[in-house]
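Q: Got a sequence here, can you build the structure:
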Amino acid sequence: MADLFLPVKIGLGEYMGRFKQSFAVTHNDTNAVQEFAARPLEQACIVFAPSRMADAIEEVLSAWRKNTNENGKAQSTAFLPVMAIAVARDYTPASPSQGMMLGDAIDIKIPHYPDERSLKLELIRGQLRVQVVVIAADDSTAKSLIARFCHFVRRYDNRGFDAIYSLAGVNDAWFNAWDSQDLYPSAVTIAQTNLAIQKVDLMLNIAIPMVYGAASGQPNSGIGTGTPNDPFGLSVLTQINVGQLNMSDKELV
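A: Sure, this is the predicted structure:
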């Protein structure tokens with residue numbers, strides 16, 4: 001199913017993968033943190049959760065415990081700690097301070113496009129609420145992982161991530177930045193008292209480009225097939241014929 005926000009979600013998943021790979025020093029941390037750092041990423045140490053976020057932690061835990069986490073061992077005990085990411089269901093259009101929202105399309109040419117056809121660009125700018133949750137068997141491990149994540153976000157190179165969009169068949173990266181790198185995690189209490197849970201909320205400033213050409217049946221440049229990956233180029237001005245001007249009472253300066 002097509003999803004306008006899917007490139008952002010993919011970029012966020014890759015961002016969390018970078019966080020998982022950033023663990024340089026773990027020898028002075030809990031055994032659970034050391035195991036988390038050594039666990040392969042594909043072994044589900046970081047998962048996407050329902051968009052209800054903290055309200056659905058117990059549902060996430062229930063599904064997590066039904067998971068097969070270890071090759072060849074069906075219904076094995078789910079590994080802890082685990083990190084869950086959730087993107088809220090709401091969306092907020094960006095304020096002018098976050099950048100220009102191109103509601104009126106502008107003329108563009110995609111760099112390095114083979115035929116340099118003329119196209120139109122609109123740009124959606126907005127904000128999405130993101131929540132990262134750490135679920136662990138002990139308090140020290142939960143606090144360590146949430147502290148490491150907050151530290152990761154504070155690095156200059158980690159102030160955001162790219163989302164890759166297919167624009168007229170050309171993959172192009174657009175940057176999505178955290179609204180603030182000042183994070184304030186907090187503990188979460190649920191009915192299961194034998195778990196330690198920490199969460200942190202973030203606001204993500206997103207940019208979603210939309211590129212299109214001439215509509216089917218409308219004048220076009222004759223370039224393209226009219227598909228999303230190969231849109232018709234827009235008609236362009238190639239020649240101006242200027243007749244003789246009869247302006248005897250005017251002086252051109």
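
Q: Please make it C-alpha for all contacts and neighbour counts, starting now.
A: Noted.

Q: and stretch 30-45, how far from the chain's centre?
A: Centroid separation between stretch 30-45 and its chain, computed with Cα atoms, centre = their mean, to the nearest Å, is 24 Å.

Q: That stretch: which residues count as buried?
A: Neighbour-count burial for stretch 30-45, counted by 16 or more other Cα atoms under 10 Å, picks out 32, 33, 34, 36, 37, 44, 45.

Q: cool, and stretch 173-181?
A: Using 16+ other Cα under 10 Å as the test for burial, stretch 173-181 gives 174, 175, 176, 177, 178, 179, 181.

Q: Next, the last one: phi, psi?
A: Geometry field for residue 181 lists phi and psi as phi -100, psi 10, criterion degrees, to the nearest 10.

Q: how many neighbours does the closest residue to it other than its chain neighbours have?
A: Leaving out its chain neighbours, the residue that sits closest to residue 181 by Cα to Cα, 6 or more residues apart in numbering is residue 154, at 5.4 Å. Counted with other Cα atoms under 10 Å, residues neighbouring residue 154 total 15.

Q: Quickly list what the closest residue to residue 212 other than its chain neighbours is bridged to.
A: With sequence-adjacent residues excluded and distances taken as Cα to Cα, 6+ apart, residue 212 is closest to residue 120, at 5.4 Å. Beta-bridge pairing for residue 120 (DSSP bridges): residue 107, residue 212.

Q: what about residue 120, distance to residue 229?
A: 14 Å (Cα to Cα, to the nearest Å).

Q: neighbour-wise, which of these two wins?
A: The neighbour comparison of residue 120 against residue 229 (other Cα under 10 Å) goes to residue 120, with 18 against 15.

Q: check contacts around that one.
A: 105, 106, 107, 108, 211, 212, 213 (Cα atoms under 8 Å, 6 or more residues apart in numbering).

Q: Repeat the analysis, applying 10 Å as the threshold.
A: Contact analysis of residue 120 by Cα atoms under 10 Å, 6 or more residues apart in numbering lists 104-110, 210-214, 233-234.

Q: how about the helices of the stretch 151-253 of the chain, start to end?
A: Counting by DSSP state H, counting those that start in this stretch, one finds no helices in the stretch 151-253 of the chain.

Q: Now for residue 46: which residues touch it?
A: 13, 16-17, 20, 36, 81-85, 132-134.

Q: ok, now residue 24?
A: Residue 24 neighbours (Cα under 10 Å, 6+ apart): residue 37.

Q: Also the one 5 residues further on?
A: Neighbour list for residue 29: 140, 141, 144, 145 [criterion: Cα under 10 Å, 6+ apart].

Q: In ChimeraX, select just the buried ones from these.
A: Buried residues within those, by 16+ other Cα under 10 Å, are selected in ChimeraX with:
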select :141,145
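
Q: about what we covered before: quick one: which of the contacts of residue 46 sit in helices?
A: Using DSSP state H, the subset of those located in helices is 13, 16, 17, 20, 36.

Q: Of the contacts of residue 29, just say which sits nearest to residue 4.
A: Residue 4 lies nearest to residue 145 out of the contacts of residue 29, by Cα to Cα, at 31.1 Å.
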